[in-house]
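Novice: turn this into a structure:
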Amino acid sequence: MASFTAADVKTLREMTSVGMMDCKKALVECDGDMDKAVEWLREKGLAKAAKKAGRIAAEGMSYALTENGVGVVVEVNCETDFCAKSELFVAFVKDIAKTIAENDPADVDALMNCKYTGTKLTVSETMPEKVMSIGENLQIRRFVRFSENTSVGYVHAGGKIGVLVNLAVEGGVDATEIGKNIAMQIAALNPRFWDKSQVTEEVLAEEKKVALALMDTDPKMASKPEAVKEKIVMGKMNKFYEENCLLQMEFVRSDLFQGTVEHYIADAAKKLGGSVKFVTAVRFQTGEGIEKKQEDFAAEVAAQMNMGK
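Specialist: The predicted structure is shown next:
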């Protein structure tokens with residue numbers, strides 16, 4: 001029998017939104033391999049493309065800052081949502097972002113040895129006092145710092161999502177509004193890729209495989225010539241780019257511009273009298289990939305699995 005646990009079934013269920021028994025069957029068919037199980041469910045038409053980001057479970061704040069030509073996005077975790085909304089915690093997160101901007105640490109470990117902004121103490125030396133005053137365990141989880149080009153930050157829903165967009169700007173124009181609109185789109189839609197050129201042959205082959213498998217299960221499509229199927233698949237690939245690649249996506253602020261994000265950037269830059277090009281971006285969703293204990297739910301899943309045997 002395939003080796004997997006009730007927690008694996010729960011994870012697959014959360015990744016695909018497919019029923020529990022179908023998730024169990026997929027794991028059985030795929031010998032417990034999570035990625036193959038997702039693919040199996042998609043080929044059966046039971047699940048859409050699943051984003052493999054882990055379940056969001058931890059509390060805290062993701063915050064983006066731009067200061068003196070430097071852009072920073074950081075995630076700091078705490079134990080409760082109540083704490084995450086407190087003035088002391090929010091101030092601490094902002095101070096950490098400023099400390100990163102001022103010091104350019106290589107990673108979180110290096111950050112702990114930097115001088116905490118406005119003090120003579122290191123971040124490591126400051127942490128115990130912050131834990132005591134805020135009242136919960138605190139964890140600086142991750143950050144990204146941009147010192148080149150023009151960065152624009154955006155914080156969504158009080159820190160549930162933090163986005164930092166990096167733009168190459170020429171002509172002395174202010175691209176803040178352009179950057180913010182792009183960041184808002186990233187926050188809302190969480191694209192898998194920035195541009196279609198980043199989509200690998202492996203991903204394209206997988207999408208084509210799924211599309212063909214779905215056609216083979218459709219009586220109206222299964223009998224069509226292979227050449228016709230190939231044309232249909234190519235059409236689906238264009239749709240894939242539109243749904244998964246930022247620059248090829250439809251710009252969500254249709255009140256400002258109707259067309260793709262790529263064309264919006266070019267149009268907005270032209271109106272400003274300069275040049276603006278998207279370089280890269282970072283999107284942090286607070287608690288992304290961190291699991292909280294869900295013991296009661298796992299027990300429920302296990303019980304239902306046993307019932308289905």
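Novice: burial of P191, as a residue count?
Specialist: 19 (other CB atoms under 10 Å). (C-beta placed from N, C-alpha, C; glycine too.)
Novice: list the buried residues for stretch 60-74?
Specialist: Across stretch 60-74, burial judged by 16 or more other CB atoms under 10 Å covers 60-66, 70-74.
Novice: check those and tell me the two furthest apart.
Specialist: G60 and V70 (22.3 Å; CB to CB).
Novice: show me what the lengthiest helix in the chain packs onto, helices and strands only.
Specialist: Scanning the chain for the helix with the most residues, using DSSP state H, yields helix 226-244. In terms of contacts (3 or more CB pairs under 8 Å, 6 or more residues apart in numbering; DSSP states H and E), helix 226-244 is packed against helix 201-216.
Novice: can you give me how far the helix it packs on is from the chain middle?
Specialist: How far helix 201-216 lies from its chain's middle: 23 Å, per CA atoms, centre = their mean, to the nearest Å.
Novice: mean confidence for it?
Specialist: Across helix 201-216, pLDDT averages out at 86.
Novice: now the element after it, going C-ward?
Specialist: Note on helix 201-216: by DSSP states H and E, the next helix or strand toward the C-terminus is helix 219-222.
Novice: where does this protein dip in pLDDT?
Specialist: Applying pLDDT under 70 to the chain flags the ranges 1-2, 17, 45-57, 291-309.
Novice: got the domain boundaries for it?
Specialist: The chain breaks down by automatic domain parsing into domains covering 1-55+292-309, 59-164.
Novice: okay, the ones you listed, which one's buried deepest?
Specialist: domain 59-164 (a mean of 18; mean count of other CB atoms under 10 Å).
Novice: between the two ends of that domain, how far is it?
Specialist: Length of domain 59-164, first residue to last, CA to CA, to the nearest Å: 20 Å.
Novice: of the buried residues of stretch 60-74, which belong to strands?
Specialist: Taking DSSP state E, the ones among the buried residues of stretch 60-74 that sit in strands are 60-66, 70-74.
Novice: list just the nearest of the residues you listed to C83.
Specialist: Out of those, the member with the shortest distance to C83 (by CB to CB) is G60, at 8.4 Å.
Novice: what's the nearest residue to the closest one if we skip its chain neighbours?
Specialist: N77 (3.7 Å; CB to CB, 6 or more residues apart in numbering).
Novice: can you give me the helices in the chain?
Specialist: Going by DSSP H, the chain shows helices at 6-16, 20-29, 34-43, 81-84, 87-103, 108-112, 123-134, 176-189, 201-216, 219-222, 226-244, 261-272, 295-307.
Novice: quick one: distance of the third one to the chain centre.
Specialist: Computed by CA atoms, centre = their mean, the chain-centroid distance of helix 34-43 equals 21 Å.
Novice: now the longest one
Specialist: For helix 226-244, the gap between its own C-alpha mean and the chain's C-alpha mean amounts to 25 Å (CA atoms, centre = their mean).
Novice: same check, this time on the fifth one
Specialist: Its chain's C-alpha centre and that of helix 87-103 lie 22 Å apart, by CA atoms, centre = their mean.
Novice: so what does it touch, helix or strand wise?
Specialist: Counting by 3+ CB pairs under 8 Å, 6+ apart, helix 87-103 packs on strand 59-67, strand 70-78, helix 108-112, helix 123-134, strand 139-146.
Novice: coming back round to it: and the buried residues of stretch 60-74 as CSV, adding distance to F82?
Specialist: Shown next, in CSV, are these (distance: CB to CB, whole Å):
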residue, distance to F82
G60, 12
M61, 13
S62, 17
Y63, 18
A64, 23
L65, 24
T66, 29
V70, 32
G71, 30
V72, 26
V73, 24
V74, 21
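Novice: circling back: for the domains of the chain, which one sits closest to E202?
Specialist: Evaluated over these, closeness to E202 peaks at domain 1-55+292-309, with 11.8 Å, by CB to CB.
Novice: ok, back up a step: make TSV from the helices and strands packed on helix 87-103 and add distance to N244 to it.
Specialist: Output for these, formatted as TSV (distance: least, CB to CB, whole Å):
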stretch	distance to N244
strand 59-67	22
strand 70-78	22
helix 108-112	30
helix 123-134	37
strand 139-146	22
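Novice: between these, which one is closest to V90.
Specialist: Closest to V90 of the helices and strands packed on helix 87-103, according to CB to CB: strand 59-67, at 6.6 Å.
Novice: rewinding a little: export the domains of the chain as CSV, with columns for distance to L212.
Specialist: Below are the domains of the chain laid out as CSV (distance: least, CB to CB, whole Å):
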stretch, distance to L212
domain 1-55+292-309, 9
domain 59-164, 35
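Novice: and S147, what does it touch?
Specialist: Counting by CB atoms under 8 Å, 6 or more residues apart in numbering, S147 touches 69-71, 104.
Novice: if you set the cut-off to 6 Å instead, what comes out?
Specialist: V70 (CB atoms under 6 Å, 6 or more residues apart in numbering).
Novice: no further questions, thank you.
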